[in-house]
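Student: show me how the following folds:
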Amino acid sequence: MSNIQILWVLGLSVAAIVVWRLELRLELSLAKHRSLTGHARMSRWFSRLVPFYEYGESEFFRVDGAPVEVESRRRSAFERLAALYTQRFHKTARLTQELQGDISDLQFTSRYRVPFQFSAYVRRHFNAGSFVESTSGRTVTDLDGNRLYDLSGSYGVNVFGYDFYKQCIERGSERVRGLGPLLGAYHPVTAYNVRRLREISGLDEVSFHMSGTEAVMQAVRLARYHSGRRYLVRFCGAYNGWWGDVQPGVGNPTPARDTLTLKEMDSATLRVLRRRRDIACVLVNPLQALHPNAAAPSDSTLLDSARRAHFDRAAYSHWLQQLRAICSERNIALIFDEVFVGFRLARGGAQEYFGVRADLVTYGKTVAGGLPIGVLCGRRQWMRRFREERPVDVCFARGTFNSHPYVMGAMHEFLQRLESSELQAVYRDLDQTWDARAAMLNARLEAEALNVRVANLSSIWTVWYPKPSRYNWMLQYYLRAHGLALSWVGTGRLIFSLDYSDADFAEVVERFVAAARSMQQDGWWWADASLSNKAIKRQLLSEMLRARLHLPSDRSARPEVGATAIGNKA
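Tutor: Predicted coordinates:
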């Protein structure tokens with residue numbers, strides 16, 4: 001073969017490799033969601049460009065172009081509600097205010113309860129506080145003696161009701177009291193816990209950690225260790241803890257170079273999984289079934305009414321079956337992050353609920369009977385942390401408080417009670433119960449033409465708003481005034497414990513509807529006919545550009561005033 005022929009062959013080979021890599025790159029681009037949430041680097045870049053600006057008192061009540069009469073009604077309602085908060089939540093708010101400068105979490109959550117443009121003015125007038133004196137049944141009681149129905153669910157921990165967890169902690173502590181805080185060795189109750197977790201998960205081995213984030217970290221590390229591959233695939237919008245590799249976008253100051261964020265429930269993603277040879281694992285949070293490819297909803301981003309949610313169990317089950325088939329075919333570890341949904345959807349968690357078995361499953365929150373925990377269950381070939389043929393090549397996982405005796409004691413109580421006939425009855429017709437309750441509330445809201453609806457994945461709910469508005473975030477303050485306690489993310493996530501009786505829920509419905517009715521009467525859902533979610537986004541973009549360029553605010557960017565209203569005429 002001549003030199004020229006050799007050069008031709010080399011050139012063609014290089015060209016083929018370049019074309020192949022470009023094809024893979026194109027396929028990867030097509031598998032990304034078109035939103036900023038689907039593009040981690042772009043979202044982090046964009047977040048650094050968004051300038052701070054806020055609405056002064058003259059703008060606060062009419063950023064949607066409301067007429068003077070509606071502005072006045074809103075202002076009066078705001079002042080009445082602020083006065084009610086000051087009187088009703090005085091002690092709770094005072095202690096919160098005293099400690100806010102010393103607790104970084106309080107500083108963050110207070111600032112991000114509502115969109116940042118409104119936040120400073122709201123914080124000056126509303127502070128319900130972040131302290132609670134006690135819990136009982138479905139209610140929490142604050143320092144002022146106010147009893148509120150709890151819709152926060154303790155971030156998902158409270159599956160069976162606070163009284164249940166109090167008993168788990170008390171009885172579990174008594175069981176292990178003789179060992180105390182000894183670490184390193186195991187209390188005998190651990191043996192029972194391991195057996196039960198293996199039965200529930202259907203997997204071979206178990207490891208204990210101190211948080212759900214740590215359990216996810218270990219699952220991904222083991223997948224990379226055994227596969228020898230680099231990339232973790234996660235899905236757009238999913239929350240899998242705050243470790244950098246699973247939170248590559250806003251909130252993580254450094255890029256996650258070994259993470260691919262792809263579209264969920266999309267054939268382009270399946271094509272990437274089938275074609276690439278460098279994917280170690282696919283990480284699924286089944287909670288995303290309620291809002292695929294959208295981030296966990298929070299009122300801090302409730303700038304318009306674009307928030308939507310809808311759960312289709314059959315469609316999501318089919319998606320998981322497709323993932324299972326491709327992961328098995330390509331020897332990719334399929335990881336279910338059940339830290340949030342585990343034991344809430346079914347006794348066997350999301351695996352049982354959707355009818356799909358994962359290679360590795362993480363649990364947390366509720367499984368330790370109310371105490372801090374992270375659990376990883378997995379197939380034997382994925383869980384081993386060493387190689388017999390290469391004894392120095394190991395996969396570390398350490399934690400001082402892993403398998404803490406008191407945590408193991410509370411977990412023992414939880415897992416024992418999980419088998420009781422009482423809890424088995426709770427799981428019976430669970431979806432039908434909560435679907436009917438969501439339908440009942442929606443029917444009441446629709447009958448009164450209120451601009452609010454709910455969507456649910458069993459007992460996990462999201463509030464959404466049918467018609468455009470700039471003030472949907474105000475609903476959280478009306479709900480609390482009517483005796484409903486939400487977490488700091490507001491109406492983005494309502495989490496019910498499974499011990500809610502029909503009577504309890506009926507009372508929640510009455511309070512919810514009354515709160516929405518008051519908000520509508522106070523003019524917050526007034527809307528001009530020209531107001532749309534697109535118009536609101538254009539207005540926000542104009543405001544941000546002006547703030548970025550240090551130009552004065554342009555009131556002409558506000559939608560023009562008309563006469564159409566939602567539920568009441570201006």
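Student: domains in this protein, by residue range?
Tutor: Per the record, the chain has its domains at 60-159+430-521, 162-293+313-427, by automatic domain parsing.
Student: of all those, which one is nearest R538?
Tutor: Proximity to R538 (CB to CB) singles out domain 60-159+430-521 among the domains of the chain, at 12.1 Å. All C-beta atoms are positioned from the backbone trio N, CA, C, and that covers glycine.
Student: gap between stretch 243-256 and the chain center?
Tutor: 16 Å (CA atoms, centre = their mean, to the nearest Å).
Student: ok, which of the domains of the chain comes nearest A535?
Tutor: Per CB to CB, nearest to A535 of those: domain 60-159+430-521, 7.5 Å.
Student: from the chain's centroid, how far away is that closest one?
Tutor: 17 Å.
Student: start to end distance for that domain?
Tutor: 18 Å (CA to CA, to the nearest Å).
Student: now stretch 334-342
Tutor: End-to-end distance (CA to CA), stretch 334-342: 16 Å.
Student: which outside residues touch it?
Tutor: The list of residues contacting stretch 334-342 from outside it, by CB atoms under 8 Å, 6 or more residues apart in numbering, reads 156, 212, 215-216, 219-220, 223, 238, 240-241, 281-287, 323-324, 327-328, 349-351, 353, 358-367, 374, 457, 460.
Student: strands - which of the residues you listed land there?
Tutor: Among those, the members found in strands (DSSP state E) are C281, V282, L283, V284, L360, V361, T362, Y363, G364, G374, L457, I460.
Student: beta partners for the first one?
Tutor: As for beta bridges, C281 partners with L232, A333 under DSSP bridges.
Student: could you say which helix or strand holds R234?
Tutor: strand 231-235 (DSSP states H and E).
Student: contacting residues for the nearest residue to S459 once chain neighbours are set aside?
Tutor: Excluding the flanking residues, the one nearest S459 by CB to CB, 6 or more residues apart in numbering is F496, at 4.4 Å. F496 makes contacts with L151, G153, W434, S459, W461, F505, as judged by CB under 8 Å, 6+ apart.
Student: could you work out the most separated pair of these?
Tutor: G153 and F505 (14.2 Å).
Student: of these two, which one has the most company?
Tutor: G153 (23 against 19; other CB atoms under 10 Å).
Student: ok so, going back, what's the strand holding R234 packed up against?
Tutor: helix 212-227, strand 259-262, helix 267-275, strand 279-284 (3 or more CB pairs under 8 Å, 6 or more residues apart in numbering; DSSP states H and E).
Student: and among these, the most buried is which?
Tutor: strand 279-284 (a mean of 26; mean count of other CB atoms under 10 Å).
Student: for it, give the mean pLDDT please.
Tutor: In this model, strand 279-284 has an average pLDDT of 98.
Student: same check on stretch 267-276?
Tutor: 96.
Student: re earlier: ok, and what's touching the strand holding R234?
Tutor: For strand 231-235, using CB under 8 Å, 6+ apart, the contacting residues are 220, 223-224, 240, 245-246, 248, 258-264, 269, 272-273, 276, 278-285, 288, 292-293.
Student: check which element follows the lowest-mean-pLDDT helix or strand in the chain along the chain.
Tutor: Lowest by mean pLDDT, DSSP states H and E among the helices and strands of the chain is helix 3-30, with a mean of 69. Per DSSP H and E, helix 3-30 leads on to helix 40-49 as the next helix or strand towards the C-terminus.
Student: tell me which residues of that next one are tucked away?
Tutor: A40, S43, R44 (16 or more other CB atoms under 10 Å).
Student: and for the spatially most central residue of the chain, nearest residue in space, chain neighbours not counted?
Tutor: For the chain, the residue nearest the mean C-alpha position is A296 (3.9 Å; CA atoms, centre = their mean). Residue nearest to A296 in three dimensions, not counting chain neighbours: Y239, with 5.2 Å by CB to CB, 6+ apart.
Student: confirm for me that that neighbour is in contact with S298.
Tutor: No - using CB atoms under 8 Å, Y239 is not in contact with S298; the gap is 10.8 Å.
Student: between those two, who's got more neighbours?
Tutor: Neighbour count, other CB under 10 Å: between Y239 and S298, S298 has more, with 20 against 16.
Student: now the more buried one: how far from P466?
Tutor: For S298, the distance to P466 (CB to CB, to the nearest Å) stands at 19 Å.
Student: T86 now?
Tutor: Taking CB to CB, one finds T86 at 33 Å from P466.
Student: low pLDDT regions in the stretch 451-570 of the chain?
Tutor: Scanning the stretch 451-570 of the chain for pLDDT under 70 picks out 554-570.
Student: 80 - rerun?
Tutor: 553-570 (pLDDT under 80).
Student: flag every buried residue along stretch 354-364.
Tutor: Neighbour-count burial for stretch 354-364 [16+ other CB under 10 Å]: F354, V356, R357, A358, D359, L360, V361, T362, Y363, G364.
Student: quick one, what contacts A296?
Tutor: G237, Y239, V489, G492, R493.
Student: identify the farthest-apart pair in those residues.
Tutor: Longest span within those, CB to CB: G237 and V489, 14.3 Å.
Student: for S553, which non-adjacent residue is closest in space?
Tutor: S553 sits nearest to R546 (CB to CB, 6+ apart), 6.4 Å away.
Student: again, but for M265
Tutor: Per CB to CB, 6+ apart, closest to M265 is W319, 4.8 Å.
Student: the one you found looks like it's in a helix, true?
Tutor: Yes - judged by DSSP: H, G, I helix; E, B strand; the rest coil, W319 forms part of a helix.
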